[in-house]
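Colleague: Make a model of this:
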Amino acid sequence: MSIIHSPQSLEQTNIEWFIEAIKEYNPAANLAPIYESYSFSKMKHEGQFRKSGDPYFIHCMGTARNLIEWRMDVDTIAAGFLHDVLEDTDTIPEELREKFGEEITHIVEGVSKISLLPFRGIESQAENFRKMILAMSKDIRVTLIKLADRLHNMRTLEYLPHRSQLRIAGETLDIYGPLAQRLGMAEVSAELQDISFKYLNKEIHQELEERVEKEIKDRGKYIENLSQVIAETLKQSGLNCKVKGRRKSLYSIYQKMQSRDIPFEDIHDLFAFRVLVDTVGDCYAGLGMIHSRWKPVPGKIKDYIATPKTNGYQSLHTTVIGPGGKPLEIQIRTQEMHEVAEHGIAAHWRYKEGSTASAEDARFLWLRRIVEDMQELKNPRHFMESVKLELFPEEVYVFTPKGEVKGLPKGATPIDFAYSIHTEVGHQCIGAKVNGATVPLKEELKSGDIVEIITRSGSNPSRDWLRFAKSSRARGKIRHWIREAEREESIQLGQDLLEGEIQERRLDINMKKLLKSDELLEAANELNLTSIDDLLAHLGYGKVSAPHVINLIAPESIEKPAAKPAQSDKTLRQKLKGSVKVGGLGQQFIRFAKCCNPIPGDEIVGYITRGRGVTVHRANCPEISGDTERIIQTQWEDEKESVYTVEISIESDDRKGMLAEVTAAIAKESVNIESGNISTADAKAATSFTVQVNDLDHLSRLMDSISKIKGIKKVERKN
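Modeller: Reported below is the predicted structural model:
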């Protein structure tokens, strides 16, 4: 069945077309909801028009026709007609429920909620993805209607203002294209991506389209002839088959050019050949016949029939050296596999009334993983990382010792494999064997590997695992364990902060009694916390300050600060020397980070470190970026002068006496050198020194003195 996509042909389409189209693939369907939803939606949208000038109901028909093309059930198509009535008309859910029942109303409400989500900003994106994923996990038909809706909107995007085109195309490329791909709907995903590409990169898209069209014109006869040769090769051995050469999508070609940094001329697989046969046995027989005629390219044979992709995709892939020494990419599959490859979950649909596809379905394990992550990942950046890992899977397929297949992200390690088996297996993992040989836990797995996990009761995850764990499940479980394990330490740290504040104010408060008092519980409740332990944990994590808590339980101890004359930033910075102040935390709990070596004058923050109190970092240190839950406000304290370790790097000419002049400049600024290193090449020298300075001004003077030496090219503070 061929669907005509233009709005003009849609306007000429009537209810009878929809009825006949549904009967083609679902003859026993109860068609009453189709008649009723068509009439109701048309009546409700009467007088409304789209930017194109067409009646708004055209869009509802376009959405429903996409769903019919995917062979969807009656309730879903009816909801497709109705998908905008709650959002764009005066219809209320009760009216829908009375006329169409709970099932259709439930789907329409789900689509309406997704339609209202603006995906802008990381926090907004994370929250809106949570809502979308929840809607999907309850009934996948909600997402299928949204994809049908978005597909029709993208086909008519030309009528919108330029800014709207860019926003919608970007959103489609980031969210709906990958979502369709993850659901196995390759045809829909490719069209969404190509249209988005057209609006986001018009010049590149147009140039690429012209060049590909020229290739089609130049090689059209060659492709047609080669399709016949492949078909004849298979038919000579008694296989019934259909062979078709197809052009790859423009966006996939563009992606390959970008990822490999190669020009269009070096793309040799613009076209691929698809072979459809009757049975699975015919697929393997056909592969053998093709390899007997043309030499296969090593490493380019992939069996997705024996090990399907997680979205249900099955096919045999091979690349052979064809006529003229050019590579030919060939896919072999059955007709049923082809339907799944093109339409994904929609092709799996069960047409009996009242059926649904939920997250319990094996094809939605990835969706269930995201739902689990929603419960554990509160940080929006971590959650979005989890979503993107699930939406953009480049997978490897590995085996348990018993032969069970596990699909993992590309670059996955034994840690990812362990968590794919069970959370406790991951937590207690201490080693792994791959193909019988012991390997490090950070070893990258390859398709076909047999992986065995070694566990030990009482072992726990390491924070270092986050550096090489790739799957969203593993990363989420590791983060969750670390957060829970650190809670007790955060409670202890919170007590220390509270006690330090009490001592600093010289208050007559017994700490043991305070920790069991109603006053502290009332303070916790005032901060929307349910227990004293929650309050102490929040103190330890830096979400609540100790002075604020003491102000709540002992307001009479609040001192009014004396007025001080305003000082310039420079004057203030010159005075900021000595140690740091983290609430009332004792100096024994405070350490300076070696990764960024903060010194007085730097903007700093405290970072709560497991088992080690607070580590002071420069505020822009990459080691703590994104982990906002463990940041605590910290400031330099006016005290006696101290020295701090800093590393500087120097690029200079390699000339006689240069090192002596540099060390003399360092000594002139009363700076002690802890260590140094120098390397030379091509008349250039690279030198690094670890030095001790008093503060940021001291460091600036030192670097300024060195930079004035003849032949010095660059002086930088490392990290």
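Colleague: So what would you say the end-to-end distance of stretch 418-429 is?
Modeller: 7 Å (C-alpha to C-alpha, to the nearest Å).
Colleague: before we move on, what about stretch 422-434?
Modeller: End-to-end distance for stretch 422-434: 18 Å, by C-alpha to C-alpha.
Colleague: go on, stretch 505-522?
Modeller: Chord length of stretch 505-522, first to last residue, is 21 Å (C-alpha to C-alpha).
Colleague: same thing with stretch 457-470?
Modeller: In stretch 457-470, first residue to last residue: 24 Å (C-alpha to C-alpha).
Colleague: With stretch 651-665 instead?
Modeller: Using C-alpha to C-alpha, the end-to-end distance of stretch 651-665 comes out at 15 Å.
Colleague: residues of it that come out buried?
Modeller: By 16 or more other C-beta atoms under 10 Å, the buried positions in stretch 651-665 come out as 652, 654, 658-659, 661-663, 665. The way it works is simple: take the backbone N, C-alpha and C, and place the C-beta from them, glycine included.
Colleague: Next: stretch 306-314.
Modeller: So stretch 306-314, judged by 16+ other C-beta under 10 Å, has buried residues 307-308, 310-314.
Colleague: now stretch 408-420
Modeller: For stretch 408-420, a neighbour-count test (16+ other C-beta under 10 Å) marks 408-409, 412-420 as buried.
Colleague: can you give me how far it is from the chain middle?
Modeller: Relative to its chain's centre, stretch 408-420 lies at 16 Å (C-alpha atoms, centre = their mean, to the nearest Å).
Colleague: ok, now stretch 309-329?
Modeller: Relative to its chain's centre, stretch 309-329 lies at 29 Å (C-alpha atoms, centre = their mean).
Colleague: same deal with stretch 173-185?
Modeller: Its chain's C-alpha centre and that of stretch 173-185 lie 13 Å apart, by C-alpha atoms, centre = their mean.
Colleague: Pull that stretch out as CSV, backbone CA atoms only.
Modeller: Coordinates of each C-alpha in stretch 173-185 appear next as CSV, following Å, rounded to 0.1, in the frame of the first residue of the first chain:
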residue,chain,number,x,y,z
LEU,A,173,17.3,15.2,15.1
ASP,A,174,18.2,15.0,18.8
ILE,A,175,15.1,13.2,20.2
TYR,A,176,12.5,11.8,17.7
GLY,A,177,14.9,10.4,15.1
PRO,A,178,17.0,8.4,17.6
LEU,A,179,13.7,7.4,19.4
ALA,A,180,12.3,5.9,16.1
GLN,A,181,15.7,4.2,15.5
ARG,A,182,15.6,2.7,19.0
LEU,A,183,12.1,1.4,18.4
GLY,A,184,13.4,-0.3,15.2
MET,A,185,11.6,2.1,12.9
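Colleague: which regions of the stretch 251-400 of the chain lie under the pLDDT threshold?
Modeller: Within the stretch 251-400 of the chain, the set of residues satisfying pLDDT under 70 comprises 310, 344-394.
Colleague: Could you pull out the helices in it for me?
Modeller: Assigned by DSSP state H, counting those that start in this stretch, the helices in the stretch 251-400 of the chain fall at 280-293, 335-343, 365-376, 380-391.
Colleague: what's the angle from the second one to helix 280-293?
Modeller: With axes from the mean of the first three to the mean of the last three C-alpha atoms, to 10 degrees as the basis, helix 335-343 and helix 280-293 are set at 90 degrees to each other.
Colleague: So which bits of helix 335-343 are buried?
Modeller: 337-343.
Colleague: Identify those among the buried residues of stretch 651-665 that sit within strands.
Modeller: Cross-referencing the buried residues of stretch 651-665 against strands under DSSP state E gives Ser652.
Colleague: Taking the buried residues of stretch 651-665, tell me the two that lie furthest apart.
Modeller: Spatial extent of the buried residues of stretch 651-665 (C-beta to C-beta) is set by the pair Asp654 and Ala665 at 17.4 Å.
Colleague: related to what we said a few turns ago, select, from the buried residues of stretch 408-420, the two members most distant in space.
Modeller: Largest separation among the buried residues of stretch 408-420 by C-beta to C-beta: Pro409 and Ala418, giving 14.3 Å.
Colleague: Helix or strand: which one has the spatially closest residue to Thr663 that is not a sequence neighbour?
Modeller: Excluding the flanking residues, the one nearest Thr663 by C-beta to C-beta, 6 or more residues apart in numbering is Ile673, at 7.0 Å. Using DSSP states H and E, Ile673 maps to strand 672-681.
Colleague: after that strand, next one along is what?
Modeller: Next helix or strand after strand 672-681 toward the C-terminus (DSSP H and E): strand 684-693.
Colleague: Taking strand 672-681 as reference, get the angle to that next one.
Modeller: If you take the same axes, to 10 degrees, strand 684-693 sits at 170 degrees to strand 672-681.
Colleague: What mean pLDDT does strand 684-693 get?
Modeller: Taken as a whole, strand 684-693 carries a mean pLDDT of 89.
Colleague: ranges for the strands of the stretch 351-500 of the chain?
Modeller: 395-399, 405-409, 429-434, 437-439, 451-455 (DSSP state E, counting those that start in this stretch).
Colleague: who does the second one touch, helix- and strand-wise?
Modeller: Helices and strands in packing contact with strand 405-409 are listed as strand 395-399, helix 414-421; criterion 3 or more C-beta pairs under 8 Å, 6 or more residues apart in numbering; DSSP states H and E.
Colleague: Name the residues that touch the last one?
Modeller: Counting by C-beta atoms under 8 Å, 6 or more residues apart in numbering, helix 414-421 makes contact with 398, 400, 406, 408-409, 425-426, 429, 432, 434, 439, 441-443, 445, 451, 453, 455, 465, 468-471, 473-474, 477-478, all of which sit outside it.
Colleague: Of the residues you listed, just the buried ones, PyMOL syntax please.
Modeller: A single PyMOL command selects the buried members of the contacts of helix 414-421 (16+ other C-beta under 10 Å):
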select buried, resi 398+406+408+409+426+429+432+434+439+441+443+445+451+453+455+465+468+469+470+471+473+474+477+478
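Colleague: Contact partners for Tyr199?
Modeller: 157, 165-166, 169.
Colleague: Considering those residues, which is situated nearest to Asn30?
Modeller: Of all the contacts of Tyr199, Asn30 sits closest to Leu157, with 35.3 Å by C-beta to C-beta.
Colleague: Helix or strand for Glu191, just tell me which one.
Modeller: Following DSSP H and E, one finds Glu191 within helix 186-200.
Colleague: Is it correct that Asn66 is in contact with Asn153?
Modeller: No - if you go by C-beta atoms under 8 Å, Asn66 and Asn153 don't touch, sitting 10.7 Å apart.
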